[in-house]
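[1] Take this sequence and fold it.
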Amino acid sequence: MAAAKKVLDWRAKRASNAITIDGFSPKGEAVKITGVPVIEAGKKGKGPIVTDKAGNRFELVSI
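    Residues are numbered from 1 along each chain as shown. Sure thing, here's the model as predicted:
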């Protein structure tokens, strides 16, 4: 399984029956994740993990 991509300075909002997350990549590029059904709690010092409708995984990081 590939490592989750990091999303910094993120915010989540519910959009109908899914969650949309806006944030920034470590390089400062805008990131928008759509179709997220649930935000999972982080484990072992990692931030929360989300999976989009295409199956891509993202770690939500607060800085």
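[2] and residue 8, what are its bridge partners?
    Note on residue 8: beta-bridge partners by DSSP bridges are residue 24, residue 61.
[3] Can you tell me how far it is from residue 43?
    19 Å (CB to CB, to the nearest Å). Just so you know, the C-beta spots here come from the backbone N, C-alpha and C atoms, and that holds for glycine as well.
[4] now do residue 27
    Between residue 27 and residue 43 the distance, using CB to CB, works out to 26 Å.
[5] Which one's more surrounded, those two?
    Taking neighbours as other CB atoms under 10 Å, residue 27 and residue 43 compare with residue 43 leading, 9 against 6.
[6] now that one: how far from residue 53?
    Distance of residue 43 to residue 53, given as CB to CB: 23 Å.
[7] can you give me the helices for the chain?
    Counting by DSSP state H, one finds no helices in the chain.
[8] In it, where is pLDDT below threshold?
    Scanning the chain for pLDDT under 70 picks out 1-2.
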